[in-house]
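Engineer: quick one, fold the following:
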Amino acid sequence: MRPSFNPNLPARFDQRWNELKTLARSLWARHWTKVILLGCVYWILQNRDITINLSFNRLEEAAATPMPAATPEAASRRAMNVSLLNGGRRSQSKRAATAPPPPAPPARPAATAPAAPVAEGSKRERQLAYVRRYAALAKAEMHKYGIPASITLAQGLLESNVGSSKLAVENNNHFGIKCFSRTCRKGHCSNFTDDSHKDFFRIFGNVSDSYRSHSQLLRQPRYRALFKLKRSDYRGWARGLKKAGYATDDHYDEKLINLIEALKLFEYDR
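Structural biologist: Reported below is the predicted structural model:
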């Protein structure tokens, strides 16, 4: 029996084909970038596999190929190079062992102490340098006039700003000693602020003269009560100087005591 032919079948097939084409176009329009990207990734992975396989094959071939045996000439050349290298090293070590030692650098002459310390490094380093430079001078004044060396050094540090003040550098005046004479000779004093004679300060030829003038100043009747104190009583001396009006700073005694204790200047009072 022959099957019956449906005349509507071609029309339905065409309709379904058109629907599939429309769907494919819409999908391509929306996802064409993803399709291309996936294709690129697939192509890269394929080529990578080929490259890896080729590389592995070459490595296997290289490993399977036996290395040529060294000829006697090559072996003798290598032995000669090694012997020459070792001989060169031995000769270098022998020369280094027999070479005379380099000459020692010439000794530098002892530097003479300037009038004021160099303003470098930390403040504490400059303070210690000042103390080392003038400790012997302060002790000599202590043995002659009875003033504790710790007090002299602390006043010198404070009044001269560790030897770097203009008065200390230009006048060698480390204690702010003033000149009250109205008939002093030229070069005896100088003015640093205004024309009032109360602001004239002594000029000294060297720092030693400044220390001596400081000792003589404290021997005046104004400071007589200080010499009733023990030489080791630096706190009493500091408070006595403030009370006698050596300086107008309300904390002058505290500053002196702090310097003496921080730098251990009391060790020079023995």
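Engineer: now the phi/psi pair for K264, please.
Structural biologist: Here is the backbone geometry of K264 (degrees, to the nearest 10): phi 60, psi 40.
Engineer: model confidence at it, what's the number?
Structural biologist: At K264, the pLDDT value in this model is 96.
Engineer: how many neighbours does it have?
Structural biologist: Residues lying near K264 (other CB atoms under 10 Å) number 10. Backbone N, C-alpha and C define where each C-beta goes, glycine included.
Engineer: cool, A238 as well?
Structural biologist: For A238, using other CB under 10 Å, the count is 26.
Engineer: contact partners for it?
Structural biologist: 151, 154, 252-254, 256-257, 260 (CB atoms under 8 Å, 6 or more residues apart in numbering).
Engineer: where does it fall, secondary structure wise?
Structural biologist: helix 234-244 (DSSP states H and E).
Engineer: can you put the contacts of A238 in JSON lines and add distance to G245?
Structural biologist: Formatted as JSON lines, the contacts of A238 follow (distance: CB to CB, whole Å):
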{"residue": "I151", "distance to G245": "16"}
{"residue": "A154", "distance to G245": "17"}
{"residue": "Y252", "distance to G245": "10"}
{"residue": "D253", "distance to G245": "12"}
{"residue": "E254", "distance to G245": "16"}
{"residue": "L256", "distance to G245": "14"}
{"residue": "I257", "distance to G245": "18"}
{"residue": "I260", "distance to G245": "20"}
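Engineer: quick one: the helices in the stretch 101-250 of the chain?
Structural biologist: 123-145, 149-159, 166-171, 207-218, 234-244 (DSSP state H, counting those that start in this stretch).
Engineer: if I look at A24, how far off is E141?
Structural biologist: For A24, the distance to E141 equals 112 Å [CB to CB, to the nearest Å].
Engineer: same check on L158?
Structural biologist: In this view, L158 and E141 are 17 Å apart by CB to CB.
Engineer: who has more neighbours, those two?
Structural biologist: Ranked by neighbour count (other CB under 10 Å), L158 and E141 place E141 first, with 22 against 19.
Engineer: how confident was the prediction at that one?
Structural biologist: pLDDT, E141: 97.
Engineer: what sits against it?
Structural biologist: Contacts for E141 (CB under 8 Å, 6+ apart) come out as 147, 149, 152, 211-212, 214-215.
Engineer: one step back: Throw the contacts of A238 into a markdown table and include pLDDT and secondary structure, thanks.
Structural biologist: Shown next, in a markdown table, are the contacts of A238 (pLDDT from 0 to 100; DSSP: H, G, I helix; E, B strand; the rest coil):
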| residue | pLDDT | secondary structure |
| --- | --- | --- |
| I151 | 98 | helix |
| A154 | 98 | helix |
| Y252 | 96 | helix |
| D253 | 96 | helix |
| E254 | 97 | helix |
| L256 | 97 | helix |
| I257 | 97 | helix |
| I260 | 97 | helix |
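Engineer: between these, which is closest to R219?
Structural biologist: I151 (13.4 Å; CB to CB).
Engineer: that closest one reaches R235, doesn't it?
Structural biologist: No. Using CB atoms under 8 Å, I151 is not in contact with R235, being 10.1 Å away.
Engineer: so the two - more neighbours on which side?
Structural biologist: The neighbour comparison of I151 against R235 (other CB under 10 Å) goes to I151, with 30 against 16.
Engineer: quick check: closest non-adjacent residue to the more buried one.
Structural biologist: Nearest non-adjacent residue to I151, counting by CB to CB, 6 or more residues apart in numbering: W237, 4.8 Å away.
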